[in-house]
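K.L.:
make a model of this:
(one chain, ligands or ions: 1)
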Amino acid sequence: MPRIPRDESFDSTLSLIRDPYRFISKRCRRYEADLFETRLLLRRTICMTGPEAAQLFYDPSRFERRGAMPKAIQKTLLGQAGVQGLDGEAHRRRKQMFMSLMTPERIEQLVLRAAEEWQICIRRWASMDQVVLYTELHELLMRAVCAWAGVPLVEQEIDARTREIAALFDHAGSVGFRHLWSRWARKRADHWMAQIIGNIRSGHAHPPEQTAAHIISWHRDSDGELLPPHVAAVELINVVRPTVAVSVYIAFVAHALHEHPELREQFASGDEGYTECFVQEVRRFYPFFPAVAARVIQTFEWNGYRFPEGRRVLLDLYGTNQDARTWERPEEFDPERFRQWDGNLFNFVPQGGGDHHIGHRCPGEWIAIELMKLATEFLTRRMSYEVPDQDLSISWSRMPPVPRSRFVIRNVTAS
Ligand code: HEM
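P.N.:
Below is the predicted model:
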């Protein structure tokens, strides 16, 4: 039986922190294999890349999520006891709750709310000397998603609430002070959302039935019980936080439009199909989540390699989107490639792979895509702006890796 290649260093945590997006694919190339083993935070971990590995990773009979995520991520980005750490029937039922929020009609309503916010923002941006787009998008999306999800926002608190929610994704992957701020923000956000759930359950608030706040407040798990308030809070944040995080992808939309001005012509005609290809290429080309983690349920063999029970496994998301076996010239930004893409569930995995209902694939993919399409429409046809000189390079060791300048624009006018 071939042995899984072992990384030379005793523990690779520092190398992963330094280059989280290329850590797995670089080593897989070095070992000429789709997988290798190393230690991360002293724990033996198998790292895998590519579509075949993704197909294996998303087989729920082989891997479970319980205990796979480091505590630091649970105490910031994800929260504790949410859907991400569930398995089997408990996961399927909780996941169904999220999937019920994602009907085309409901997503369209979110997009309409977001379009109103874009219009309001553009009027305000027009009077500003310069606009830091990435940061401005946080509040734009926060207002849209809270209104859509039935989460009340008090006008005087919007700024603070937005900064807390943004800290959950913008600072979670960091070390030092920024990480501590993210932990504190998690406590504040959990408390805030638990209060909202409490108000709904006690009859003091009545969000419409189709909203996330209503659905999550009254959801019953397989045991027939309502979710404990702190768990319901984590799940409601699981809707608000990642929608605000679409700001990262929208900053990349702006970045790609700036780097490839020749593409703008394609948008002038309002070709919906091209816009879809463009945003898919943004999701493929730019880094966001480096990898996802799981644990082996029971020892098994795959392609002759042994995966022992309990072993932690990481699947390389970014590297799989850049895999030259699937994507010709992966380092080039080329929306046209998506005209031929067949919708394969395992070779394009910016938000996870496999089946949305059965596995852990992100239920918010359609929201991300539609909000990015809307942003593309505004940035290409409904406003004009200048991009002054600034440092637009992408910081690869940061998670998420936004342009260093946060994408500054000026002379904004509605068109
Ligand atoms: C900003 C763009 C987004 C990115 C890059 C992203 C990425 C991801 C990734 C990588 C996963 C993990 C997949 C796995 O564990 O196998 C995930 C899961 C999840 N995402 Fe997203 N996501 C985004 C937007 C959204 C939105 C808009 C929502 C909801 C409104 C959402 C809700 C969730 C939830 C609830 C899960 C857990 C699913 C489960 O464990 O079954 N995400 N996302």
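
K.L.:
which residues of this structure lie near the ligand?
P.N.:
Within the chain, the residues that sit near the ligand (Cβ under 6 Å from any ligand atom) are 83-84, 95, 98, 238-239, 242-243, 245-246, 249, 288-289, 292, 317, 350-352, 360-364, 367-368. Glycine gets a C-beta too; all of them are placed from N, C-alpha and C.

K.L.:
now with 5 Å, please.
P.N.:
Within the chain, the residues that sit near the ligand (Cβ under 5 Å from any ligand atom) are 83-84, 95, 98, 238-239, 242-243, 245-246, 288-289, 292, 351-352, 360, 362, 364, 367-368.

K.L.:
who touches the spatially closest residue to Ser393 that is not a sequence neighbour in this structure?
P.N.:
Spatially, and ignoring its direct neighbours in sequence, Ser393 is nearest to Arg404 (5.5 Å; Cβ to Cβ, 6 or more residues apart in numbering). Contacts for Arg404 were tallied using Cβ atoms under 8 Å, 6 or more residues apart in numbering; they are 391-395.

K.L.:
mark which of those residues are buried, thanks.
P.N.:
392, 394 (16 or more other Cβ atoms under 10 Å).

K.L.:
what is the nearest of the contacts of Arg404 to Ala232?
P.N.:
Among the contacts of Arg404, Ser395 lies closest to Ala232 (Cβ to Cβ), at 35.3 Å.

K.L.:
my guess is that closest one meets Pro401, correct?
P.N.:
Yes - if you go by Cβ atoms under 8 Å, Ser395 and Pro401 touch, sitting 5.6 Å apart.

K.L.:
tell me how many other residues crowd the residue in the stretch 301-415 of the chain that the ligand sits nearest to.
P.N.:
Relative to the ligand, the nearest point of the stretch 301-415 of the chain is Gly364 (2.0 Å; Cβ to the nearest ligand atom). Gly364 has 21 neighbouring residues, counting by other Cβ atoms under 10 Å.

K.L.:
quick one: pLDDT of it?
P.N.:
Gly364 carries a pLDDT value of 98.

K.L.:
strands of this protein, residue ranges please.
P.N.:
Under the criterion DSSP state E, the chain carries strands at the ranges 35-40, 43-48, 63-64, 131-132, 291-296, 300-302, 305-307, 312-316, 383-386, 408-414.

K.L.:
quick one: neighbours of the closest residue to the ligand within the stretch 151-300 of the chain, just the number.
P.N.:
At 3.2 Å from the ligand, Pro242 is the closest residue in the stretch 151-300 of the chain, using Cβ to the nearest ligand atom. Residues within reach of Pro242, counting by other Cβ under 10 Å, total 22.

K.L.:
ditto for the one 4 residues further on
P.N.:
A count of neighbours around Val246, defined by other Cβ under 10 Å, yields 24.

K.L.:
and if you look at the one 3 residues further on?
P.N.:
Applying other Cβ under 10 Å, we find 21 other residues in the vicinity of Tyr249.

K.L.:
OK, contacts around the spatially closest residue to it that is not a sequence neighbour?
P.N.:
In this structure, Tyr249 finds its nearest non-sequential neighbour in Met372, 5.4 Å apart by Cβ to Cβ, 6+ apart. Counting by Cβ under 8 Å, 6+ apart, Met372 touches 246, 249-250, 253, 279, 282-283.

K.L.:
packing partners for the lowest-mean-pLDDT helix or strand in the chain?
P.N.:
Least confident helix or strand of the chain, by mean pLDDT, DSSP states H and E, is helix 71-73 with a mean of 83. For helix 71-73, there is no helix or strand it packs on, judged by 3 or more Cβ pairs under 8 Å, 6 or more residues apart in numbering; DSSP states H and E.

K.L.:
quick revisit: need the contact list for the residue of the stretch 301-415 of the chain closest to the ligand.
P.N.:
Going by Cβ under 8 Å, 6+ apart, Gly364 touches 102, 239, 242-243, 351.

K.L.:
what about the residues you listed, which are in helices?
P.N.:
Those of those mapping onto helices are 239, 242-243, per DSSP state H.

K.L.:
with pLDDT and distance to His191 as extra columns, can I get those residues in TSV?
P.N.:
Shown next, in TSV, are the ones in helices among the contacts of Gly364 (pLDDT from 0 to 100; distance: Cβ to Cβ, whole Å):
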residue	pLDDT	distance to His191
Val239	98	17
Pro242	98	20
Thr243	98	20
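
K.L.:
quick one: the helices in the stretch 101-250 of the chain, in order.
P.N.:
104-125, 133-149, 158-170, 177-201, 212-218, 229-244, 246-259 (DSSP state H, counting those that start in this stretch).

K.L.:
give the contact list for the closest residue to Leu110 other than its chain neighbours.
P.N.:
Once flanking residues are discounted, Leu110 sits nearest to Trp148: 4.5 Å by Cβ to Cβ, 6+ apart. Contact analysis of Trp148 by Cβ under 8 Å, 6+ apart lists 106, 109-110, 113, 211-212.

K.L.:
cool, Glu64 as well?
P.N.:
The contact partners of Glu64, by Cβ under 8 Å, 6+ apart, come to 87-88, 294-295, 297.

K.L.:
who does it form a beta bridge with?
P.N.:
Arg295 (DSSP bridges).

K.L.:
for it, give its distance to the ligand.
P.N.:
Using Cβ to the nearest ligand atom, to the nearest Å, Glu64 is found at 12 Å from the ligand.

K.L.:
please apply the same query to Arg124.
P.N.:
Taking Cβ to the nearest ligand atom, one finds Arg124 at 24 Å from the ligand.

K.L.:
Val244 and Phe169 touch, don't they?
P.N.:
Yes - look at Val244 against Phe169 with Cβ under 8 Å: they come within range, at 7.4 Å.

K.L.:
how about a markdown table for the ones in helices among the contacts of Gly364, with distance to Leu78 added?
P.N.:
Formatted as a markdown table, these follow (distance: Cβ to Cβ, whole Å):
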| residue | distance to Leu78 |
| --- | --- |
| Val239 | 13 |
| Pro242 | 10 |
| Thr243 | 15 |
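
K.L.:
just give me the closest of the residues you listed to Arg325.
P.N.:
Nearest member of those to Arg325, counting by Cβ to Cβ, is Pro242, at 29.3 Å.

K.L.:
how about the closest one: what's its closest non-neighbour residue?
P.N.:
Per Cβ to Cβ, 6+ apart, closest to Pro242 is Gly364, 5.3 Å.
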